[in-house]
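Visitor: coordinates only, sequence not included:
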């Protein structure tokens, strides 16, 4: 079906990292027992009035600025009316007419492309339906958790572009500190609006919406499947219905749920219990000054000022915790390339071996820099440095204390190394005689045996000197 192209737009729902909900003081902690984080406001009891959490618009404006968007100086909230069991008020407080920000963009790298942001608005989350063998239950604890919804223009043409955008958006939000974006916990959920059209055609085709995709893998699979389903349907002369579809992750297919609603069907009207939210130029400028160094800026600095390869800089800025670890390591050891090599090599290997995500590791940021300094000072071997890093990762061990407790210090005393070398020479008479007869490569074998005997703790240059002296003496 090469004559068709895929058109995709996204609606990305992001839970904000605030301590309390958007319109009440209930906590937002994930994993609480069902219906324990609720009050009269988020449970929708009659007469309960919302009070805006001031952190929510601040985080929303920060995100809008990071997305190069125009900040609305007079924002207002609206009621989005619909019935669903997990929505106790019977409406969602959102923003239709005067959202927080409009007309932004985010650039992706593969290929280089600017994805336009139509708007960013604030809203409160709904509850959650829990299904098990005994029935369906409602957990209202998530009601009122603050969300921002980022709506893109239909600028994507492939699943790869969609995933590239979501990865960059997730990293940016984590660097801002406005959300942890833990997709497995529902902190970042994606709705995919997709249509197909003949190549060269300007008007958009009929779109479908797939809601609440909660992993990059699911998004990629869903886009590819739904595009193919629509191509094949049009190829058979069928019409595409404007509908909301559910992604069945087990069978990797999209399933029809209901016809697609539009804004008129939600009967939006201004929220009467919340005033207009005003931001002055000075307030917007003050928030802009609080923005941290974002991934692209950090990546550019690593290349231009620290002279790291572009590949290294890209990996180090792909996750906030990794970037923070690199910054602290570099601050301690003053060697950007060595810090980069350790993080991209041994650290990433340990984390992958443990099956941890970027948010999972809790190692002290100072530990790796301390380990590098110990090795550069000749106090530990490379093998011992790796052992220290593993202990720091698994146990949060302090490098010097762990090295002392486990006798990992490098052996530099010739008097200690001499009997070790003498024993190796005694145990390998054939290799020794062949070396003395001219087979010089046998020296490396003997050196390896001596290093093994010291469990890798001997200073290599000192050990080699002792071995050479012994081999030259009869």
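Guide: Structure received. All values derive from a computational prediction rather than experimental measurement.
Visitor: Quick check: residue 254 touching residue 247?
Guide: Yes - Residue 254 lies in contact with residue 247 (CB atoms under 8 Å); the separation is 5.6 Å. (C-beta placed from N, C-alpha, C; glycine too.)
Visitor: got any residues that touch both of those two?
Guide: 210, 222 (CB atoms under 8 Å, 6 or more residues apart in numbering).
Visitor: Where does pLDDT dip in the stretch 351-474 of the chain?
Guide: 358-359, 474 (pLDDT under 70).
Visitor: where along it do the helices fall?
Guide: Remark: helices assigned in the stretch 351-474 of the chain by DSSP state H, counting those that start in this stretch are 365-376, 382-395, 399-405, 414-427, 429-436, 442-453, 460-472.
Visitor: which stretches of the stretch 101-250 of the chain form helices?
Guide: Per DSSP H, counting those that start in this stretch, the stretch 101-250 of the chain carries helices over the ranges 159-176, 216-235.
Visitor: Could you tell me how many residues sit around the nearest residue to residue 423 once chain neighbours are set aside?
Guide: Spatial nearest neighbour of residue 423, chain neighbours left out: residue 453 (7.0 Å); criterion: CB to CB, 6 or more residues apart in numbering. A count of nearby residues for residue 453, using other CB atoms under 10 Å, gives 18.
Visitor: now swap in residue 269 and tell me
Guide: There are 13 residues near residue 269, going by other CB under 10 Å.
Visitor: Check the one 3 residues further on too.
Guide: For residue 272, the tally of surrounding residues (other CB under 10 Å) stands at 8.
Visitor: for it, phi and psi?
Guide: Per-residue torsions, residue 272: phi -80, psi -20 (degrees, to the nearest 10).
Visitor: got it, and residue 93?
Guide: Backbone torsions of residue 93, given as degrees, to the nearest 10, read phi -80, psi 120.
Visitor: Give the other helices and strands that the helix or strand hosting residue 79 contacts.
Guide: Using DSSP states H and E, residue 79 falls within strand 78-81. In terms of contact count using 3 or more CB pairs under 8 Å, 6 or more residues apart in numbering; DSSP states H and E, strand 78-81 is assigned the packing partners strand 91-94, strand 269-270.
Visitor: As a markdown table, the ones you listed with mean pLDDT and distance to residue 291 would be great.
Guide: Converted to a markdown table, the helices and strands packed on strand 78-81 look like this (pLDDT from 0 to 100; distance: least, CB to CB, whole Å):
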| stretch | mean pLDDT | distance to residue 291 |
| --- | --- | --- |
| strand 91-94 | 96 | 25 |
| strand 269-270 | 94 | 31 |
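Visitor: Now tabulate those in CSV and tack on distance to residue 344.
Guide: Shown next, in CSV, are the helices and strands packed on strand 78-81 (distance: least, CB to CB, whole Å):
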stretch, distance to residue 344
strand 91-94, 42
strand 269-270, 52
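Visitor: Helix or strand, whichever it is, which one in the protein has the lowest mean pLDDT?
Guide: When the helices and strands of the chain are scored by mean pLDDT, DSSP states H and E, helix 263-266 comes last with a mean of 72.
Visitor: show me what contacts the residue nearest to residue 340 when sequence neighbours are not counted?
Guide: Distances taken as CB to CB, 6+ apart place residue 312 nearest to residue 340, at 4.7 Å, with adjacent residues excluded. Residues counted as contacts of residue 312 (CB under 8 Å, 6+ apart) are 302, 337, 340, 344.
Visitor: That concludes my questions; thank you for your assistance.
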